[in-house]
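Undergrad: My questions are about this predicted structure, shown below with the sequence.
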Amino acid sequence: MDQSPLDGKSRGLKIRAAGRVNTIGVSDRDLVDMLERMDARDTLMDGNLRRTFARWPFRHSSVMVRLSHPGGSEVDLRLACRNLSQGGIALLHSGYVYPGTPCTVFLPRLVGTAADVKGEVTRCIHRKGTLHELGVKFAKMINMSLFIDMNRSANFHLLEFVRPETVSGRMLLVEDCPLNTKIVRHYLRETKLAIHAVTSAAEGIAAVADGYDIILSDWSLPDMSGVKMLAAMRENGIQSPAIFITADPANAMKDGLADLPNVALLAKPLSQEQVLRAVAERVMKSKYRIGSDGPGTGGSMLFSSDMTHNMREQCELLTRAARENDIKAAISVCYMLVGAAAPLGYSHIGRLAASLVEAVAADQPRSAQMQIVKELARQASAAFGSRG
């Protein structure tokens, strides 16, 4: 569902904290300062803790959360948010909440709407005074790209811990520096990746036709930029995920990196964990696409089931938008489909979603816009199915 808790109707008592941006009464600027101090302290305390999902700063001073108590009563609270991961969220509250309490987090999307994400409070830690930190585990994993702009972080990743032996496939490494090639091979030595290395963009364009699960390349190559190399590969129909390594992320973005699909950026200096996480995520997404026969067991199924759920959820939202003639809701889904459909092997759906965005921007007749919405809903449902 996509509704504001202020608009929806619920059974039982509903209580809201009025007059303050959040229950702890902290403004945006003060919240940032407080969270930075907490992050610094916790980094020292749990530096060796291994989590499945990486946590990323999600500095929202007011996120609506609905707590469900025994007997049917519900409490709507505006809570300050600390961080977000695929599997959960950390929130700050002025009181204690019992672990096991069911809740709904109305998570703000990048496009301005909110997703109601079901979950459960799994921990409540006393920080100081009346300040408590709530840990909420989501019932289903979320698509982080809907809530955090991954392109703004050169080192964005979803996994915090990767077992190297679970990473397999074929990698094309494009790197003109022999030392850097040795470093990458050393970092990935415990994986089961077969790495084929070339030293120029021209060699990379020629070699990629052999088929690779991932492309890892330096951004600055002797004969052309890595971005131009990848653009040529995309023109030739190569859709393998790509990762660029650079010491200058800003110039890489200016060079047109943001215009290419299914690409990521790693900023130097590199660490082994950083390279391993980035490669593992994209290899798994590339190998186990929706509609394919993924591995029968193991952690790699995480991405297949996660993407399947997310795409089916978007299909349901799109179908409802078509049924209710809701252009605004359809556009919200299209922003996600434009970037997500092609890497999953459904470029035609991505193009159709882009055509709707263009139709709305050009202020075309509403009837023409709705015609695209209905066709997009039909094709997306055929591709991704529905939950049953």
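TA: Ah, there it is.

Undergrad: How many neighbouring residues does Cys315 have?
TA: The tally of other residues near Cys315 (other C-beta atoms under 10 Å) stands at 23. For the C-beta atoms, the positions are set from N, CA and C on the backbone; glycine is no exception.

Undergrad: That one: what secondary structure?
TA: Under DSSP: H, G, I helix; E, B strand; the rest coil, Cys315 falls in the helix class.

Undergrad: Make residue 1 into 29 and carry on from there
TA: Renumbered: residue one is now 29, and that last one reads Cys343.

Undergrad: what's the span of stretch 135-144 from first residue to last?
TA: This stretch, stretch 135-144, spans 6 Å end to end (C-alpha to C-alpha, to the nearest Å).

Undergrad: How far does that stretch sit from its chain's centre?
TA: 13 Å (C-alpha atoms, centre = their mean, to the nearest Å).

Undergrad: Go through that stretch and flag the buried ones.
TA: Using 16 or more other C-beta atoms under 10 Å as the burial criterion, the residues of stretch 135-144 that qualify are Leu135, Pro136, Arg137, Thr141, Ala142, Ala143, Asp144.

Undergrad: can you tell me which of the residues you listed are in helices?
TA: Among the buried residues of stretch 135-144, no member falls in helices (DSSP state H).

Undergrad: Any chance of those in CSV with pLDDT and distance to His214 as columns?
TA: Formatted as CSV, the buried residues of stretch 135-144 follow (pLDDT from 0 to 100; distance: C-beta to C-beta, whole Å):
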residue, pLDDT, distance to His214
Leu135, 92, 39
Pro136, 89, 41
Arg137, 86, 40
Thr141, 85, 45
Ala142, 87, 45
Ala143, 89, 41
Asp144, 91, 45
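
Undergrad: can you put those in JSON lines and add distance to Met92?
TA: What follows is these, written out as JSON lines (distance: C-beta to C-beta, whole Å):
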{"residue": "Leu135", "distance to Met92": "9"}
{"residue": "Pro136", "distance to Met92": "9"}
{"residue": "Arg137", "distance to Met92": "13"}
{"residue": "Thr141", "distance to Met92": "13"}
{"residue": "Ala142", "distance to Met92": "8"}
{"residue": "Ala143", "distance to Met92": "11"}
{"residue": "Asp144", "distance to Met92": "9"}
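
Undergrad: From these, which land in strands?
TA: Leu135, Pro136, Ala142, Ala143, Asp144 (DSSP state E).

Undergrad: Just list the residues touching the first one, thanks.
TA: For Leu135, the contacting residues are Val91, Leu112, Ile117, Ala142, Ala143, Asp144, Val145, Ile170, Phe175, by C-beta atoms under 8 Å, 6 or more residues apart in numbering.

Undergrad: One more pass at 10 Å, please.
TA: The neighbourhood of Leu135, defined by C-beta atoms under 10 Å, 6 or more residues apart in numbering, consists of 86, 88, 91-93, 109, 112, 117, 141-145, 147, 166, 170, 174-175.

Undergrad: any idea how far Ala230 lies from Ala222?
TA: Per C-beta to C-beta, to the nearest Å, Ala230 is found 22 Å from Ala222.

Undergrad: So if I had to pick from these two, which one is more boxed in?
TA: A count of neighbours by other C-beta under 10 Å puts Ala230 above the other of Ala230 and Ala222, at 16 against 11.

Undergrad: Tell me how far the nearest residue to that one once chain neighbours are set aside lies from Thr227.
TA: Leaving aside its sequence neighbours, Ala230 sits nearest to Asp251 (C-beta to C-beta, 6 or more residues apart in numbering; 5.6 Å). Asp251 is 10 Å from Thr227, where distance means C-beta to C-beta.

Undergrad: cool, and Arg379?
TA: Using C-beta to C-beta, Arg379 is found at 35 Å from Thr227.

Undergrad: between these two, which one's more packed in?
TA: Thr227 (18 against 13).

Undergrad: circling back to that earlier point, dump the ones in strands among the buried residues of stretch 135-144 to CSV, plus distance to Asn353.
TA: CSV is the format used below for those (distance: C-beta to C-beta, whole Å):
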residue, distance to Asn353
Leu135, 26
Pro136, 25
Ala142, 21
Ala143, 21
Asp144, 22
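
Undergrad: what are the ranges of the helices in the stretch 179-328 of the chain?
TA: Using DSSP state H, counting those that start in this stretch, the helices of the stretch 179-328 of the chain run over 206-215, 229-235, 254-263, 277-282, 300-315.

Undergrad: Can you add mean pLDDT and distance to Leu162 and give these back as a markdown table?
TA: Listed next are those as a markdown table, based on pLDDT from 0 to 100; distance: least, C-beta to C-beta, whole Å:
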| stretch | mean pLDDT | distance to Leu162 |
| --- | --- | --- |
| helix 206-215 | 91 | 37 |
| helix 229-235 | 96 | 48 |
| helix 254-263 | 91 | 42 |
| helix 277-282 | 66 | 34 |
| helix 300-315 | 76 | 27 |
